[in-house]
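Q: Take a look and give me a structure for this.
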Amino acid sequence: MKVLGLAVGSIAANCYLCWCPETAEAVIIDPGAEAQRILHKVDQHKLHVLTIMLTHFHFDHVMAAAEVHTATLAPVAIHRSDAAFLARQPESLQMLVGHKLPGIQADLLLEDSTSIRFGNESLTVMLTPGHSPGSICLYDEQSNVLLSGDTLFRQGIGRTDLPGGDSDTLVTSIRTRLFILPETTIVYPGHGPSTTIGAEKQSNPFIR
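A: This next block holds a predicted model:
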């Protein structure tokens, strides 16, 4: 599986393009902003986008999804526990941002263990609540890759003071779902640089 990351928007959220090198079928993960830049990369690599996958509903990971959907006709997918928040962003979050956030309707509701295929590749949904009720990570055992959204960062974890967040739930998700993966698993987070499961198990100061 090929993985290309783009830091987009004012908060530099990571958007990822993942694709099958044999077929050029692809998924886009967390198009938070700069839709035209994302679509330029799609065209540059001659990709056929099958699904737009959202790791959670927060604005910095979803606000370009509608424009990317219009351009690619790929369905927008999110875990069902975050779908209502995606359709109507919580007022407290809109107040924090300082302006109205448009709602986005999901075309596909994901469940834990759902596999999304593209060409000869697939990503499996891992429900990891805590940052939001429906926060997910996406795991490819074959490529030894985890796309962790805002659940796990290099030397950090997602914030839990936004609507639906819970710190104990987040830490439990990381310990029971992510830290059981092979230590060599490469982690591509929703913000910041990549890391590995082994590095975070050894020295992430938020998981003790």
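Q: tell me what the longest helix seen in the chain is packed against?
A: In the chain, assigned by DSSP state H, the helix with the most residues is helix 35-44. Identification of packing neighbours for helix 35-44 by 3 or more Cβ pairs under 8 Å, 6 or more residues apart in numbering; DSSP states H and E yields strand 2-8, strand 13-19, strand 25-29, helix 65-72. The C-beta positions use only the backbone N, C-alpha and C, and glycine is treated the same way.
Q: which one of these lies closest to A84?
A: A84 lies closest, by Cβ to Cβ, to one member of the helices and strands packed on helix 35-44: helix 65-72, at 15.7 Å.
Q: chain center to the closest one: distance?
A: Relative to its chain's centre, helix 65-72 lies at 16 Å (Cα atoms, centre = their mean, to the nearest Å).
Q: now swap in stretch 122-129 and tell me
A: 9 Å.
Q: Give me the contacts around it.
A: Stretch 122-129 is contacted from outside by 18, 27, 53, 79, 81, 110-116, 134-142, 147-149, 151, 166, 169-170, 173-174, 177-178, using Cβ atoms under 8 Å, 6 or more residues apart in numbering.
Q: Now, those residues that are in helices?
A: Per DSSP H, the contacts of stretch 122-129 map to helices at 81, 169-170, 173.
Q: if we can go back for a sec, so which bits of the longest helix of the chain are buried?
A: Residues of helix 35-44 classed as buried by neighbour count (16 or more other Cβ atoms under 10 Å): 35, 38-39, 42.
Q: Which helix or which strand is home to G198?
A: helix 197-203 (DSSP states H and E).
Q: just the ones in helices among the contacts of stretch 122-129 now: which is nearest R88?
A: S81 (14.4 Å).
Q: I appreciate the help and will end here.
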